[in-house]
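*Asks:* here is the input, now give the coordinates:
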Amino acid sequence: MAKAARAWAQILSRYRQPSSSRSIFEIAITVVPLFALWALAWATLDIGYWLALPLAFAAGAFMVRLFAIQHDCGHGAFFRQRAVNDWIGRIVSVLTLTPYEVWRRTHATHHASTGNLDKRGLGDVDTLTVEEYRARSAWGRLRYRLYRHPLVMFGLGPAYLFVLQHRLPVGLMRDGWRPWLSAMTNNLAIVLFAGLLIWLVGIKAFLLIHLPVLLLSASIGVWLFFVQHQFEHTKWDSDPDWNLHEAALHGSSHYDLPAFLRWFTANIGIHHVHHLSSRIPYYRLPHVLRDHPELRDVGRLTLAQSLRCTRLVLWDETQRRLVSFREARASGV
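*Replies:* Next comes the predicted model:
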């Protein structure tokens, strides 16, 4: 099985070449509607917030797509030249509130260690095994339950992550000056951009339009990352048994969304393919499934199925699947 996963990685390498014209087009059809919807929400603010807020939420959907562009730039997948990827990523990071170099390094760690029980903690959703949960104190269990509660995971958590945590190079704070330069430069650019925006439209419009754009896109982004790895039959192994390609193929989901949601999320739901070959631009991922339909059912999750993933919170090493607190308690917690 490990050999088969490794073979898939080699097969998929032929999809890795980006098209500069296509990438520019993808930026245009993301940025132009984002700014247009933002401006339209601002223009209708005096008519009524009932009209402006849905427009802001629509802009938030395009912000998710913009983050996907930053994501591909971080993998060196959007343009052939690394410098172009990096500068596009840095510019976009001002809008996504995500320092580019810091995120790129922590996300690379996530790709290099996904599904490894002995290398959890950086770029992942914190996940305990059943035995680790059993060994925690009552206070430790409560903290973990609060962390995994949907209102925290997809509400308060994303706001904290993007607005506060990203202001420091968390996870890389002892890795020299480069992560600090990335975070502090990003912070300065965000302050300048926010100040300019407030000067142009006023503090009221900034809070009533831009804040919902940011918060909605942050929550959607965290949800997408969550379901890409937090599904029942994902794959986790201890270091001696862990295999990079196996973890990529079977520890990442194929989030099979309706077509319009696939477009807004830039095909990131085809995550098992992305983890096997992260240099494939997102607009080539559907080509992989078209040419290799046998990959469609690997880790497949529908939208309805994904909603049930929120209750899966602990890795059961005996059953080799994610389980709920109730299932863990029934087995002896």
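
*Asks:* alpha carbons only for contacts and neighbour counts from here, please
*Replies:* Noted.

*Asks:* look at the closest residue to Glu317 other than its chain neighbours and report its pLDDT.
*Replies:* Taking Cα to Cα, 6 or more residues apart in numbering, and ignoring the residues beside it in sequence, Glu317 has Thr129 as its nearest neighbour in space, at 7.0 Å. At Thr129, the pLDDT value in this model is 96.

*Asks:* Ala2 now?
*Replies:* So, for Ala2, pLDDT stands at 53.

*Asks:* and for the helix or strand bottoming out on mean pLDDT in the chain, what's in contact with it?
*Replies:* Within the chain, confidence by mean pLDDT, DSSP states H and E is lowest for helix 2-12 among all helices and strands, at a mean of 82. For helix 2-12, contacts defined as Cα atoms under 8 Å, 6 or more residues apart in numbering pick out Asn243, His245, Glu246, Leu249, Leu276, Ser277, Val288.

*Asks:* from those, which land in helices?
*Replies:* Members of those lying in helices (criterion: DSSP state H): His245, Glu246, Leu249, Leu276, Val288.

*Asks:* want to throw those residues into TSV with distance to Val201 and pLDDT?
*Replies:* Listed next are those as TSV, based on distance: Cα to Cα, whole Å; pLDDT from 0 to 100:
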residue	distance to Val201	pLDDT
His245	49	93
Glu246	50	94
Leu249	47	94
Leu276	44	95
Val288	44	97
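
*Asks:* which one among these gets closest to Phe62?
*Replies:* Using Cα to Cα, Val288 comes nearest to Phe62 of these, at 24.2 Å.

*Asks:* check contacts around the closest one.
*Replies:* Here Val288 is in contact with Leu12, Tyr15, Val273 (Cα under 8 Å, 6+ apart).

*Asks:* Ala39 is in contact with Trp58, correct?
*Replies:* For residue 58 the amino acid is Ala, not Trp. No - the pair Ala58 / Ala39 is not scored as a contact, 11.8 Å apart, by Cα atoms under 8 Å.

*Asks:* if I look at the residue nearest to the spatial centre of the chain, how far off is Phe193?
*Replies:* For the chain, the residue nearest the mean C-alpha position is Phe225 (4.0 Å; Cα atoms, centre = their mean). As judged by Cα to Cα, to the nearest Å, Phe225 and Phe193 stand 27 Å apart.

*Asks:* same question for Glu131.
*Replies:* 47 Å.

*Asks:* and Arg104, by the same measure?
*Replies:* 22 Å.

*Asks:* show me which of these two is the more surrounded one.
*Replies:* The residue with more neighbours, out of Arg104 and Phe193, is Arg104; 22 against 14, by other Cα atoms under 10 Å.

*Asks:* tell me the secondary structure for that one?
*Replies:* Under DSSP: H, G, I helix; E, B strand; the rest coil, Arg104 falls in the helix class.

*Asks:* and the strands in the stretch 1-150 of the chain?
*Replies:* Taking DSSP state E, counting those that start in this stretch as the criterion, the stretch 1-150 of the chain carries its strands at 128-129.

*Asks:* now the one helix or strand the residue nearest to the centre of the chain maps to: mean pLDDT?
*Replies:* Per DSSP states H and E, Phe225 falls inside helix 211-229. For helix 211-229, mean pLDDT is 97.

*Asks:* how about that helix: buried residues?
*Replies:* If you call a residue buried by 16 or more other Cα atoms under 10 Å, then helix 211-229 has these buried ones: 212-229.

*Asks:* name the SS class of Leu196, please.
*Replies:* Classification of Leu196 by three-state DSSP places it in helix.

*Asks:* neighbours around it, how many?
*Replies:* 12.

*Asks:* also Pro293?
*Replies:* The number of residues packed near Pro293 is 11, by other Cα under 10 Å.

*Asks:* go on, Gln10?
*Replies:* Residues near Gln10, counting by other Cα under 10 Å: 12.

*Asks:* report the separation between it and Phe79.
*Replies:* Per Cα to Cα, Gln10 is found 21 Å from Phe79.

*Asks:* likewise Trp236?
*Replies:* Distance of Trp236 to Phe79, computed by Cα to Cα: 33 Å.

*Asks:* neighbour count winner among the two?
*Replies:* Trp236 (26 against 23).

*Asks:* distance check, the more buried one against Gly269.
*Replies:* 19 Å.

*Asks:* ok, Ile220 - contacts?
*Replies:* Val64, Phe154.

*Asks:* and the pLDDT at Asp175?
*Replies:* 89.

*Asks:* surely it is within a helix?
*Replies:* No - looking at Asp175 with three-state DSSP, it is coil, so not inside a helix.

*Asks:* how many neighbours does it have?
*Replies:* 10.

*Asks:* before we move on, what about Ser331?
*Replies:* Residues near Ser331, counting by other Cα under 10 Å: 10.

*Asks:* do Ala59 as well
*Replies:* So Ala59, with other Cα under 10 Å, has 30 neighbours.

*Asks:* quick one, strands of the stretch 151-300 of the chain?
*Replies:* Secondary structure of the stretch 151-300 of the chain, counting by DSSP E, counting those that start in this stretch: strands at 254-255, 300-301.
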